[in-house]
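Peer 1: No letters, just coordinates:
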């Protein structure tokens, strides 16, 4: 079983809702995956992550291979045991963080050599090593092929070359991955914002969607500065080339309005650091966009953060209190807002799933766009 | 009722165990009060503070008067509502932090003028203003008289002058406090490490222990550099001058071994930032003293933090995981260790209460001293 059963329960336009069934639990789609960079979703207990409505979390290969080290995580029982998350985990390939965080990258056909941003130590990430780390050592339920995140903006030729490298690395990832009973591997479609490159990347990846092939398809290289409109356009001409019956995962996205637009275009899975990262800095996410609770207007506001959301973080603390905590640099401020934001994102996903099932998603999305001021 | 009923259930030597009954709940003594400096016990949800066995927390007048401001806390419903703690709260007078944190202090008979360590704004703290902030604005269940924390070391004459000023400020605090149905005021005994000054301070404060007088007696000016031996000696010659039937509170203390020695000398209440502050830096408290979980020896230690303590923080995470979290600067590391340390301190208090009740405290204390390597 290298592919997890994916039951689509309802469709409305291109949007769909269903369940991806993994040995470690069901993932209700469209799904938002909180990012557990270094084995922890920053500022939250895992019970809170689950209670907020998360079915799956993401782990970062780059961070974990450097600290505490993938072999060490394996020795300690794997990433699930290490971090105390019993549900499914998807790991990224490490490629994106090598590109965005590390120093002195040397990219070859073989793979990418880089220096740790912690201590400058040298490391090599190849398609094979990435899968070894993700599937063998961390024990990810869903692994991602190693890819090169194409720089944005990129000239057509460079984007094509980069996309082709990712395709070759995908084949090697797939070959190393082989057929595993309880784990699956997703392909990553690249091609920047060029329609024919995205089509070629998607079609070539889909050709690998054989019995032993990819269990899902990701769209990479977006949310890297191209802007909301270009992201939507790229989804418009990429998603139609992906199989109907496999999950589609838009990597690193995004703001609530991005999630709504991507779901409208047929995307099933997302991950993003926004809810926790912005929460640590006082940002509160709402259907109307984010606001910063540090603003003076909240200093004496005794209302709760968001009484529409069934989460203690959203209900049990006044805006005035959280305003004070964030202004004072208190840990609890970051804890409450990170938790609330995760709950808000999951609440949004639940509303989208419900709307698609009820056939009211188009109205939901139109209303959402109209209210959004982000 | 300016004095809360204090039922002493058992005594062994000078040690005693009982319950201080406040309108907001019972305080089992000997009691450890976690410090909620700015309306939050750093890194913990209030539910965790209570679940760990805390009956009462402490709030800091100095911090709260500067941010968010005492009048603002009052406007928002008082400190209990603001911070979400429904049990009793003791506030300090602000004197100690003016002395240790603020800039440009000007001490007069009237009070102390100081500049905020946040923004340099000027403030005046008098005995009357301190009680107004604590009892009227924050709504503390137990307020502390304004005192001057005598510098250590101090020549005899300076210590005497400082102690006498605290006595006069105590009288003014008491006069302003008056008779309140549901709130009480504690005196603070000063006198540095000089036996006759401590006796004079205690006796003069106790003379105010009339119907409308102090509801308890604190010992201030310790844990300021005098060392464990001098602290124990000072308790030896101070506690006998305090009334048997009123709670005795040793301010700002301390390490576990200090708590054991002070309980052995008849102290009933304690507060200290150690469990949370040191937890944020990786320190784990045990009966044998603290150790730092950042040490390499814990990198692959899959045992839990402390399986003897009935707290999720102590049981549900491996040392290796917390080692990784603290090394990575992850919020969750500080959260888990602050929580565990509070639970450890409360577990220690519970064991001492149980030992006194069972008549085995002397053996408990001897065993504790023998194991301690802190």
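Peer 2: That came through, no problem. This structure is a prediction, so every number in the text was calculated from the model and none was measured.

Peer 1: Show me where the stretch 151-300 of chain A dips below the pLDDT cut-off.
Peer 2: Scanning the stretch 151-300 of chain A with the threshold set as pLDDT under 70 gives A:209-211.

Peer 1: for the residue of it found nearest chain B, helix, strand, or coil?
Peer 2: Closest residue of the stretch 151-300 of chain A to chain B, C-beta to the nearest C-beta: residue A:300 (6.2 Å). C-beta: built from backbone N, CA, C; applies to glycine. Following DSSP: H, G, I helix; E, B strand; the rest coil, we place residue A:300 in the coil state.

Peer 1: I'd like the distance between it and residue A:357.
Peer 2: Separation of residue A:300 from residue A:357 (C-beta to C-beta, to the nearest Å): 41 Å.

Peer 1: what helix or strand does residue A:11 sit in?
Peer 2: Assessed by DSSP states H and E, residue A:11 sits inside strand A:6-12.

Peer 1: Residue A:99 too?
Peer 2: Counting by DSSP H and E, residue A:99 is part of helix A:95-100.

Peer 1: So is that helix next to chain B?
Peer 2: No - residues of helix A:95-100 are not located near chain B by C-beta under 8 Å from any C-beta of the partner chain, the shortest gap being 14.3 Å.

Peer 1: Now the element after that helix, going C-ward?
Peer 2: According to DSSP H and E, the helix or strand after helix A:95-100 is strand A:103-107.

Peer 1: Check the offset of that next one from the chain's centre.
Peer 2: From the chain centre to the centre of strand A:103-107 is a distance of 24 Å (C-alpha atoms, centre = their mean, to the nearest Å).

Peer 1: who touches the strand holding residue A:11?
Peer 2: Residues outside strand A:6-12 that contact it (C-beta atoms under 8 Å, 6 or more residues apart in numbering or on different chains): A:16-21, A:29, A:216, A:244-247, A:355-357, A:359-362.

Peer 1: Just the buried residues out of these, in ChimeraX syntax.
Peer 2: With 16 or more other C-beta atoms under 10 Å in any protein chain shown as the criterion, this ChimeraX line picks the buried residues out of the contacts of strand A:6-12:
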select /A:16,17,18,19,20,29,216,246,247,355,356,357,361
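
Peer 1: Among the contacts of strand A:6-12, which ones are in helices?
Peer 2: Judged by DSSP state H, helices contain the following of the contacts of strand A:6-12: A:355, A:356, A:357, A:361, A:362.

Peer 1: about what we covered before: report the contact partners of the residue of the stretch 151-300 of chain A closest to chain B.
Peer 2: A:320, B:72, B:75, B:76.

Peer 1: Apply 6 Å and report the result again.
Peer 2: Residues near residue A:300 by C-beta atoms under 6 Å, 6 or more residues apart in numbering or on different chains: residue A:320.

Peer 1: Stretch A:269-288 and chain B in contact?
Peer 2: No - figure legend: stretch A:269-288 not in contact with chain B (C-beta under 6 Å from any C-beta of the partner chain); closest approach 8.0 Å.

Peer 1: how long is that stretch from one end to the other?
Peer 2: Start to finish, the residues bounding stretch A:269-288 are 22 Å apart (C-alpha to C-alpha, to the nearest Å).

Peer 1: Name the residues of that stretch that are buried.
Peer 2: Those would be A:269-272, A:274-280, A:282-287, for stretch A:269-288 by 16+ other C-beta under 10 Å.

Peer 1: quick one: pLDDT of the spatially closest residue to residue A:74 that is not a sequence neighbour?
Peer 2: With C-beta to C-beta, 6 or more residues apart in numbering or on different chains as the criterion, residue A:74 has its nearest non-adjacent residue at 4.2 Å, and that residue is residue A:137. We have a pLDDT of 98 for residue A:137.

Peer 1: Am I right that residue A:137 is in a strand?
Peer 2: No - applying three-state DSSP, one finds residue A:137 to be helix, outside a strand.

Peer 1: tally of neighbours for it?
Peer 2: 23 (other C-beta atoms under 10 Å in any protein chain shown).

Peer 1: which bits of chain A sit near chain B?
Peer 2: A:38, A:40, A:42-43, A:67-68, A:76, A:82, A:302, A:320-321, A:324, A:328, A:330-332.

Peer 1: ok, of these, which come out buried?
Peer 2: Neighbour counting over those (16+ other C-beta under 10 Å) leaves A:38, A:40, A:42-43, A:68, A:76, A:82, A:320-321, A:324, A:328, A:330-332 as the buried ones.
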